[in-house]
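Colleague: pasted the sequence and its predicted model underneath.
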Number of protein chains: 2
Amino acid sequence: MMRNLLLTISFDGTNYHGWQVQGNAVTVQQTLQDALEKICSNRDNIVGCSRTDAGVHANMYCCNMRTESTIDCQRLVGGLNAILPRDIAALDCKEVDFDFHARYDCKSKEYIYKIWNSPNKNPFIFNHSLHYKYPLDEKFLSEQAKAFIGTHHFDSFCAAGSSVEDTERTVVNAAVEREGDTVIFRVEADGFLYNMVRIMAGTLIDISRGKIPADSIEQIIEARNRSAAGYTAPARGLFLNKIHY
Amino acid sequence: MMRNLLLTISFDGTNYHGWQVQGNAVTVQQTLQDALEKICSNRDNIVGCSRTDAGVHANMYCCNMRTESTIDCQRLVGGLNAILPRDIAALDCKEVDFDFHARYDCKSKEYIYKIWNSPNKNPFIFNHSLHYKYPLDEKFLSEQAKAFIGTHHFDSFCAAGSSVEDTERTVVNAAVEREGDTVIFRVEADGFLYNMVRIMAGTLIDISRGKIPADSIEQIIEARNRSAAGYTAPARGLFLNKIHY
């Protein structure tokens, strides 16, 4: 009997060309599918909740697979963790309705963007954060980020050349917090355009250094023009953090 | 005028074949020397406080260089951080007595060995810790580790094949602590034999899983035989943590 399994994983994206299977690059989906084929002879594609860029990480990533395998969910998690490389972890597996779809049924996603905010270089987190040397005022930036909240056309925060037609998204939360020397930009929305969080993070940094005036995010959104926003912060600071179904 | 500069750095050793310059492998010393040549035309070898194995990290590593360069110490640190790759950080530089030697003048060193002690895989720290799934009792292990303290011949904790003649070392502190899911073995000594901390860490794990009886470290030391001790824990959990002059 066909079952539909919802798999939750986390991964360090440093050594992967994103989630999606590609011709001849190592991707998370391909690595996971290879492991699933070994464990339960599953040869079908699995459905991911989101594409992610090369170098982007996930504290939580969901995907579903339809399979005839009768393997117990707990055993599948254990088998995956034994076979998968050390930078991909299986966290959970459960059976879901047959028509559940990891991408279409996603109600909202939360991303975080991590900035190592210290004059000192930290050699241990260079793949997991952006290093920004000058002081960031997280309370000021959190106020600025509130302007992202709401239903807007986010063309200004979409990589030039993206072919998406409907650019309207609803941001339900956006805030900046500090944990020691790490400043975290957190944003939750019903969906994201290509590079949206990285351009939001770059815009907040550009506001902090005075390259973009304070209190201008509303106008940047209204401009519906990529060149109105700030730079695209590098992939290595970005983590898909939570998926809500 | 020749000056003698004491440089303090930290590095993620994942991508290096240890400290020491080698024929055709990338090492921390070589990378640092290449950067110093660019910044202040220094072509002489620098003297490190210790050899480290491939994959071993350093929160603090000291080295000294004799140079005719008149560069200001602060500018040297800034220049190094701009030129060095992201996994090596310059922390400090100061002028020292001309006869100061980073290795010979070292009074003691502290290493820490990090164990990710959780049933869950953590994809973000796989290069910076050993994953051990079963519960570790840090208080019990700390009691066990106390037997390392004192002046002993540590042949049992030295990699077979090492050519060192005098195997006597004085361990001034050895303890195990826990920070959340991370268990840390900390050991300070006037010097260490080849693989000494990794064999100590492996022995503590072997005691924890009952492969080596509790309260036997004293006898293992007395045996003066590598095969009496536990396994060699992998390099990736090991950090040179402090250097005392």
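Modeller: Sure, I can see it.
Colleague: chain B contacts on chain A?
Modeller: A:10-12, A:57, A:81, A:86-91, A:120-124, A:126, A:128, A:131 (Cβ under 8 Å from any Cβ of the partner chain). In short, each C-beta sits where N, CA and C put it, glycine included.
Colleague: at 10 Å instead, please
Modeller: By Cβ under 10 Å from any Cβ of the partner chain, the residues of chain A that approach chain B are A:9-14, A:57-59, A:77-78, A:80-82, A:84-91, A:119-128, A:131, A:133, A:236, A:239.
Colleague: narrow those to those that are buried.
Modeller: A:9-14, A:57-59, A:77, A:80-81, A:84, A:87-91, A:121-128, A:131, A:236, A:239 (16 or more other Cβ atoms under 10 Å in any protein chain shown).
Colleague: out of the residues of chain A next to chain B, list just those in strands.
Modeller: Counted as lying in strands by DSSP state E, out of these, are A:I9, A:S10, A:F11, A:H57, A:A58, A:N59, A:I88, A:A89, A:A90, A:L91, A:H131, A:F239.
Colleague: farthest-apart pair in those residues, please.
Modeller: By the measure Cβ to Cβ, A:A90 and A:H131 form the most distant pair in these, at 30.9 Å.
Colleague: what stretches of chain A score poorly on pLDDT?
Modeller: Of all residues in chain A, none has pLDDT under 70.
Colleague: domains of it?
Modeller: By the record's domain assignment, chain A is partitioned as A:3-96, A:108-244 (automatic domain parsing).
Colleague: distance to B:S41 added to the ones you listed, as JSON lines?
Modeller: Conversion of those to JSON lines gives the following (distance: least, Cβ to Cβ, whole Å):
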{"stretch": "domain A:3-96", "distance to B:S41": "35"}
{"stretch": "domain A:108-244", "distance to B:S41": "23"}
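Colleague: closest one to B:Y111 among those?
Modeller: domain A:108-244 (15.9 Å).
Colleague: what about the closest one, start to end distance?
Modeller: 5 Å (Cα to Cα, to the nearest Å).
Colleague: quick revisit: which one of the domains of chain A lies closest to B:F154?
Modeller: Judging those by Cβ to Cβ, what sits closest to B:F154 is domain A:108-244, at 28.9 Å.
Colleague: and A:I212, what does it touch?
Modeller: A:I212 makes contact with A:Q144, A:G202, A:T203, A:L204, A:I205, A:D206, A:I220, A:A228, A:A229, A:G230, A:Y231, according to Cβ atoms under 10 Å, 6 or more residues apart in numbering or on different chains.
Colleague: that one and chain B: what is the separation?
Modeller: Between A:I212 and chain B the distance is 25 Å, computed by Cβ to the nearest Cβ, to the nearest Å.
Colleague: now swap in A:N64 and tell me
Modeller: Counting by Cβ to the nearest Cβ - A:N64 and chain B are separated by 20 Å.
Colleague: please identify the helix or strand for that residue.
Modeller: Assigned by DSSP states H and E, A:N64 belongs to strand A:57-67.
Colleague: the closest residue to A:I220 other than its chain neighbours - how many residues pack around it?
Modeller: In space, A:I220 comes closest to A:A228 once its chain neighbours are excluded; the distance is 4.7 Å by Cβ to Cβ, 6 or more residues apart in numbering or on different chains. When neighbours are defined as other Cβ atoms under 10 Å in any protein chain shown, A:A228 has 18 of them.
Colleague: can you check A:S118 too?
Modeller: Neighbour tally, A:S118, other Cβ under 10 Å: 15.
Colleague: give the contact list for it.
Modeller: A:H131, A:Y132, A:K133, A:P135, A:G180, A:D181, A:T182, A:V183.
Colleague: just give me the closest of those to chain B.
Modeller: Set against chain B, the nearest of the contacts of A:S118 by Cβ to the nearest Cβ is A:H131 (7.7 Å).
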